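Chemist: My questions concern the predicted model and sequence given below.
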Amino acid sequence: MKSEENGAPSSAAGGFARAVLPTADSTLITASDNLYAGETTVPSQGENLPAYYARPKTYEGTLPIVLVVQEIFGVHEHIRDICRRLAHEGYLAVAPELYFREGDPNDYADIPTLFKELVSKVPDSQVLSDLDHVANWAARHGGDMQRLAITGFCWGGRISWLFAAHNPQVRAAVAWYGRLEGEKTLKQQKHPIDVAVDLNAPVLGLYGGQDEGIPLESVEKMRQALHAANAKAEIVVYPEAGHAFNADYRPSYHAESAKDAWTRMLAWFRQYGVAPKAE
């Protein structure tokens, strides 16, 4: 397992996608002090899946696992920082590069082209299988499969809902502003609203009341689907926040909502048995 013990990722590995370079003074960079953090690869479907991981240097027994699923921009510095923040909380956090077969999000300078030419070509079935392999990798590297959680942001928020319905070993999921419904294609055959009846784990959804891409009508439809399915799930809407309110490197960042949502996420993990053993 490779590691960056000094907490200084290389400029190539630790940067941001061209389509979304940091534009906010609020950008957070969490140090790797007392962590092992860096690049690794995960055998998956006959290939080596690149991933970033972070975990505490000192712990007893095994660690709870959190799969961290990227925004549409790939595993850039913000997603890596999420892994480091979780590691400081006592988790083994792993963020896989889920587009690596189709292309590199760093090659795209604008979001519409990135979505059309890369993101839309990534099959959900491939992503879910890759995440299965990442969870198994984590279990072989100090993680506890009995304490498996997933969280994701934007594109990864949608995937978090789907993975909670896909993998029966997931204990808890937290989806940050993931799309809930939409057009179906051969590569994206279901959306979260379609799998409300199939959830294997409790899911916390975190959404912004000012999100123009995920209207409150869509959120309410999801709530109704969850209620009809008698699913163990909760959706929290932050009235003053828009889309990507946790993205501290962008103007969309809404600090008050982001901090509350982070606290809720950790509490959700603890509530459903995905917590460091010290707790």
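Modeler: Thanks, I have the structure now. Numbers count the residues shown, from 1 in each chain.
Chemist: which residue is nearest the middle of this structure?
Modeler: The chain has Gly152 as the residue nearest its centroid, 2.1 Å off, counting by C-alpha atoms, centre = their mean.
Chemist: Downstream of the helix or strand of the chain with the lowest mean pLDDT, the next helix or strand is which one?
Modeler: Least confident helix or strand, the chain: helix 11-14 with a mean of 36, by mean pLDDT, DSSP states H and E. The C-terminal neighbour of helix 11-14 among helices and strands, as given by DSSP states H and E, is strand 35-44.
Chemist: packing partners for that next one?
Modeler: Of the remaining helices and strands, those touching strand 35-44 by 3 or more C-beta pairs under 8 Å, 6 or more residues apart in numbering; DSSP states H and E are strand 47-56, helix 77-88, strand 92-96, helix 124-140. Every residue, glycine included, has its C-beta placed from N, CA and C.
Chemist: Just want the angle from that strand to helix 77-88.
Modeler: 110 degrees (axes from the mean of the first three to the mean of the last three C-alpha atoms, to 10 degrees).
Chemist: Now for Gln224, how many residues are close by?
Modeler: By other C-beta atoms under 10 Å, 12 other residues sit near Gln224.
Chemist: Model confidence score at it, please.
Modeler: For Gln224, the pLDDT comes out at 98.
Chemist: Can you point out the buried residues in the helix or strand hosting it?
Modeler: Counting by DSSP H and E, the element that carries Gln224 is helix 216-228. Buried residues in helix 216-228, defined by neighbour count with 16 or more other C-beta atoms under 10 Å: Ser218, Val219, Met222, Arg223, Ala225, Leu226.
Chemist: possible to save those as a markdown table with distance to Glu234?
Modeler: Conversion of these to a markdown table gives the following (distance: C-beta to C-beta, whole Å):
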| residue | distance to Glu234 |
| --- | --- |
| Ser218 | 16 |
| Val219 | 12 |
| Met222 | 11 |
| Arg223 | 9 |
| Ala225 | 14 |
| Leu226 | 9 |
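Chemist: which one among those residues gets closest to Thr41?
Modeler: Met222 (35.3 Å; C-beta to C-beta).
Chemist: got the contact list for that closest one?
Modeler: Met222 sits next to Leu180, Glu181, Pro192, Ile193, Ala196, Gly205, Ile235 when contact means C-beta atoms under 8 Å, 6 or more residues apart in numbering.
Chemist: rerun at 6 Å
Modeler: Leu180, Ile193 (C-beta atoms under 6 Å, 6 or more residues apart in numbering).
Chemist: so the nearest residue to Pro123 once chain neighbours are set aside, which of the three states?
Modeler: Nearest non-adjacent residue to Pro123, counting by C-beta to C-beta, 6 or more residues apart in numbering: Lys187, 4.3 Å away. Of the three states, Lys187 takes coil under DSSP: H, G, I helix; E, B strand; the rest coil.
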